[in-house]
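Chemist: Have a look at this prediction, sequence included:
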Amino acid sequence: MASPARGTALTDARRALLSRRIRLFVAATISYNVIEAIVAITEGTRVSSTALIGFGLDSVIEVSSAAAVAWQFAGRDPEAREKVALRIIAFSFFGLATYVTVDAVRALLGVGEAEHSTIGIVLAAVSLAIMPALSYAQRRAGRELGSLSAVADSKQTLLCTYLSAVLLVGLALNSLFGWSWADPIAGLIIAAIAVREGIEAWKGDTCCPSPILAAPGNRDDAPGCDCCDD
């Protein structure tokens, strides 16, 4: 595991509290994303939307990612399980990117044309409102505990925010102007973001390295530390 935020030592009681808190965030993530996946994949299939199906698959991946973190903290030695959890998260991202890319290219070549979807627009807007708060709370707890996998999972939840925005724009352009190509383009953007996050999860680059955390005054202004801001 990475060093706790601010380089401070955690008491056993605080560590146990943070672990319980992360499990609660994981449970909330799983519950919401199961609903999100069912709605997005069902509606995406109905209207032939690559972006909606990709968004739904990302929700499935978020469930597997959250489950990996829950599995890590369910054992007596979460440190030993962390690498496996990170690998699961990374492979999930890569799988999503592969599927969405293939489907988006097929759509751009004229195999299926996305239709208007009010349900998809509403789903994207709701996720855009919910996901940032959930990601922020889990990231804070993961950073303080020093868990790379918890922070990686929080970034996957944050990814859902980006994907929600991309999905919302793609569906809106298709609905308002009839730009059916906007849907697979949105899908390709989703795939590109997923590849980037998968690489970071694989390398464990989910927060600042320990020396930066331990250096007084350097925690928040260190270059490349995109998850260290409170």
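Modeler: Looks like it came in fine.

Chemist: Which helix in this protein has the most residues?
Modeler: The longest helix of the chain (DSSP state H) is helix 12-47.

Chemist: list the helices and strands that one packs on?
Modeler: In this structure, helix 12-47 packs against helix 50-74, helix 118-145, helix 148-177, with contacts taken as 3 or more Cβ pairs under 8 Å, 6 or more residues apart in numbering; DSSP states H and E. Quick note: C-beta positions are derived from backbone N, CA and C, even for glycine.

Chemist: Minimum distance to Leu188: which of the ones you listed has it?
Modeler: When the helices and strands packed on helix 12-47 are compared by Cβ to Cβ, helix 50-74 sits nearest Leu188, at 8.6 Å.

Chemist: packing partners for the helix or strand following the closest one?
Modeler: Downstream of helix 50-74, the first helix or strand assigned by DSSP states H and E is helix 78-108. For helix 78-108, the packing partners by 3+ Cβ pairs under 8 Å, 6+ apart come out as helix 50-74, helix 148-177, helix 182-203.

Chemist: Format those helices as CSV; extra columns: distance to Ser127.
Modeler: Output for these, formatted as CSV (distance: least, Cβ to Cβ, whole Å):
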stretch, distance to Ser127
helix 50-74, 8
helix 148-177, 4
helix 182-203, 13
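
Chemist: Quickly, which of the ones you listed bottoms out on average pLDDT?
Modeler: Lowest mean pLDDT within the helices and strands packed on helix 78-108: helix 50-74, a mean of 80.

Chemist: Export the helices and strands packed on helix 78-108 as a markdown table, with columns for distance to Ala90 and mean neighbour count.
Modeler: Listed next are the helices and strands packed on helix 78-108 as a markdown table, based on distance: least, Cβ to Cβ, whole Å; neighbours: other Cβ atoms under 10 Å:
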| stretch | distance to Ala90 | mean neighbour count |
| --- | --- | --- |
| helix 50-74 | 10 | 25 |
| helix 148-177 | 8 | 23 |
| helix 182-203 | 4 | 21 |
